[in-house]
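[1] sequence-free structure coming up:
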Ligand code: GLY
């Protein structure tokens, strides 16, 4: 935790070297976007499980040189399905004996969006040059850094699948053994790719040598991404979802993220219930949370997809009367059931390697970025000679209709695979504004669908429950996603609370820690306070 009363800004990120890159940029006079872009590229080097060039993400910000000019923006740089993708490509692969084609290997990769997204954000809202914001990442790749224990552990956990791909094995398992904790880890191929991006910008990744390496690897491994797919990739600036909360408002990501809509829905439904600081961590509050989560995820899975391909009924989903009607179905003394909505599914798997970072600069600009390869180290395919991993984001589509995906989500036809389409996401970078529109907090976390419910619980902690930034994060978290019909409880939720929830008729399941939150929040007496979730290995860094 770090307080900032004066100074040039605060960064909260999941990896210390990348966080330090961000504060260096702020110290040099860069704004929150410059810092965010620099952190994004640095994470691609220092946190390869989730930071990326070969994945995608979302940016939400409140940005402007002057307070009066500040506006709320969102940038979608989500991956898209290759032009040759088909709605039944994974059921066909399964029929041919490959059940994991949407998760592992070349077919799992969507067309990456991160480089285009980061550089578009820099051009649109940043102040620095590509060289200034990417050079720190290039130097980290070229000179190397000491491999952190966390990445070492993650590599050990993914060793078997990563060794299936030669370039991946050569990079992370030289001589067949995982790079040791604390050993120097250099990535010269990645450094060269970063140099090309510095020199040529977006074209340096999507057209030319780097693109050629991707396409050659796709052909070699039976993947679908073509030269045309790369040339056609565009990030999209979208109108963020904005909803009132307490005396202010929250701004979050619209579809193809489900985050903003679900947060807006849950917030509205919970307005019906009087809650305050004494309710924090109570079984009664967890019950209400589970019920609004259930209702919102039922809508998520049925109605949402890529808005450029399917009609997402955003007005209906945010309609206050409808949400009030739904909230009125909640019984404070007993759990409802998801059974009538959809069929049940196996438990949620726990691979949730995405990463989030938050930045506030000295001008009051706030930027939230969540970026991902989807699973830990994505598809596990590293592009030979280019040095970066490709995502396995195709699994976020309804890859196997009627069956749960990596996160146990059963999704609908709105999220079917189609060429050029973005898979539905749960990533929820969010900015909280006060009643005058000043940035009060920047929030986000990894965690698959638990991203949405975790961001909601932290928002609630900061606003309606009056918790400190630290307590908003450390408070034990729960998660409900409609199906499977159960409340997932972190270990820190007391057994007595679990008993109360069982007595209300809930099915409860214990699970590992939820999320790796990176929060910056304004407090009445301490100014800006940054908090990196103690569940993860992140840090807060200020100038
Ligand atoms: N890949 C996880 C998500 O976008 O929700």
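    Perfect, I can see it now. No experiment lies behind these values; they were computed from the predicted model shown.
[2] okay, now the nearest residue to residue 131 once chain neighbours are set aside: neighbour count?
    Leaving aside its chain neighbours, residue 131 sits nearest to residue 198 (5.3 Å; criterion: C-beta to C-beta, 6 or more residues apart in numbering). For glycine as for every other residue, the C-beta is placed from the backbone atoms N, C-alpha and C. Residue 198 has 19 neighbours, counted by other C-beta atoms under 10 Å.
[3] I'd say residue 198 and residue 136 touch.
    No. Contact criterion C-beta atoms under 8 Å: residue 198 and residue 136 do not qualify, at 11.1 Å.
[4] doesn't the residue nearest to residue 131 lie inside a helix?
    Yes. Under DSSP: H, G, I helix; E, B strand; the rest coil, residue 198 falls within a helix.
[5] list the contacts of it.
    130, 131, 134, 135, 138, 204 (C-beta atoms under 8 Å, 6 or more residues apart in numbering).
[6] those, buried ones only, as a PyMOL selection?
    Restricted to buried positions by 16 or more other C-beta atoms under 10 Å, the PyMOL selection for the contacts of residue 198 reads:
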select buried, resi 130+134+135+138+204
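[7] in CSV, list the contacts of residue 198 along with pLDDT and secondary structure.
    Formatted as CSV, those follow (pLDDT from 0 to 100; DSSP: H, G, I helix; E, B strand; the rest coil):
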residue, pLDDT, secondary structure
130, 98, helix
131, 98, helix
134, 99, helix
135, 98, helix
138, 98, helix
204, 98, helix
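[8] in TSV: the contacts of residue 198, plus distance to the ligand.
    Listed next are these as TSV, based on distance: C-beta to the nearest ligand atom, whole Å:
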residue	distance to the ligand
130	27
131	31
134	24
135	29
138	27
204	25
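[9] biggest separation within the contacts of residue 198, which pair?
    Using C-beta to C-beta, these span at most 14.1 Å, a distance reached by 135 and 204.
[10] so how far is residue 180 from residue 443?
    35 Å (C-beta to C-beta, to the nearest Å).
[11] the two: which is more packed in?
    Neighbours around residue 443 and residue 180, counted as other C-beta under 10 Å, are more numerous at residue 443. The numbers are 33 against 11.
[12] that one contacts residue 433, doesn't it?
    No. Applying C-beta under 8 Å as the test, residue 443 and residue 433 come out as separate, 11.8 Å apart.
[13] and stretch 74-86, how far apart are its ends?
    29 Å (C-alpha to C-alpha, to the nearest Å).
[14] and what of stretch 488-498?
    10 Å.
[15] for it, buried residues please.
    Buried residues in stretch 488-498, counted by 16+ other C-beta under 10 Å: 488, 489, 490, 493, 497, 498.
[16] tell me the spatial nearest neighbour of the fourth one, not counting adjacent residues.
    Nearest-residue entry for residue 493: residue 476, 4.4 Å, with adjacent residues in sequence omitted and distances by C-beta to C-beta, 6+ apart.
[17] count of neighbours near the one you found?
    16.
[18] contacting residues for it?
    So residue 476 contacts 281, 489, 490, 491, 492, 493 (C-beta under 8 Å, 6+ apart).
[19] if you set the cut-off to 7 Å instead, what comes out?
    281, 490, 492, 493 (C-beta atoms under 7 Å, 6 or more residues apart in numbering).
[20] same deal with residue 163?
    The contact partners of residue 163, by C-beta under 7 Å, 6+ apart, come to 169, 173.
[21] any idea of the pLDDT on it?
    pLDDT recorded at residue 163 is 97.
[22] next, the residue of the stretch 201-350 of the chain found nearest the ligand: phi, psi?
    As assessed by C-beta to the nearest ligand atom, the ligand sits closest to residue 257 within the stretch 201-350 of the chain, at 7.4 Å. Per-residue torsions, residue 257: phi -90, psi 140 (degrees, to the nearest 10).
[23] read off the pLDDT value for the residue nearest to residue 131.
    On the pLDDT scale, residue 198 gets 98.
[24] likewise residue 409?
    Residue 409 carries a pLDDT value of 82.
[25] try residue 69
    With respect to pLDDT, residue 69 scores 81.
[26] can you check residue 98 too?
    On the pLDDT scale, residue 98 gets 95.
[27] the closest residue to the ligand within the stretch 1-150 of the chain: neighbour count?
    Residue nearest to the ligand within the stretch 1-150 of the chain (C-beta to the nearest ligand atom): residue 78, separated by 7.6 Å. Residue 78 has 32 neighbours, counted by other C-beta under 10 Å.
[28] ok, residue 72 touching residue 238?
    No. Between residue 72 and residue 238 there is no contact under C-beta atoms under 7 Å: 11.1 Å.
[29] can you pull the contacts of residue 486?
    Counting by C-beta under 7 Å, 6+ apart, residue 486 touches 507, 508, 509.
[30] make that residue 158, sorry
    So, once contact is read as C-beta under 7 Å, 6+ apart, residue 158 ends up touching 376, 377, 380.
[31] need the per-residue pLDDT for residue 455.
    98.
[32] contact residues of this protein facing the ligand?
    For the chain, the residues in contact with the ligand (C-beta under 6 Å from any ligand atom) are 354, 372, 374, 393, 396, 425, 426, 427, 448.
[33] okay, and which of those map to strands?
    Within the residues of the chain next to the ligand, residues falling in strands by DSSP state E are 354, 372.
[34] which one of the residues of the chain next to the ligand is nearest residue 218?
    residue 393 (14.8 Å).
[35] so that closest one makes contact with residue 80?
    No. Applying C-beta under 7 Å, one finds residue 393 not in contact with residue 80, separated by 9.1 Å.
[36] so those two - more neighbours on which side?
    Counting neighbours by other C-beta under 10 Å for residue 393 and for residue 80 shows that residue 393 has the greater number, 30 against 27.
[37] and the host helix or strand of residue 118, which residues are buried?
    Taking DSSP states H and E as the definition, residue 118 sits inside helix 114-125. Of the residues in helix 114-125, 114, 115, 116, 117, 118, 119, 120, 121, 122, 125 count as buried by neighbour count, 16+ other C-beta under 10 Å.
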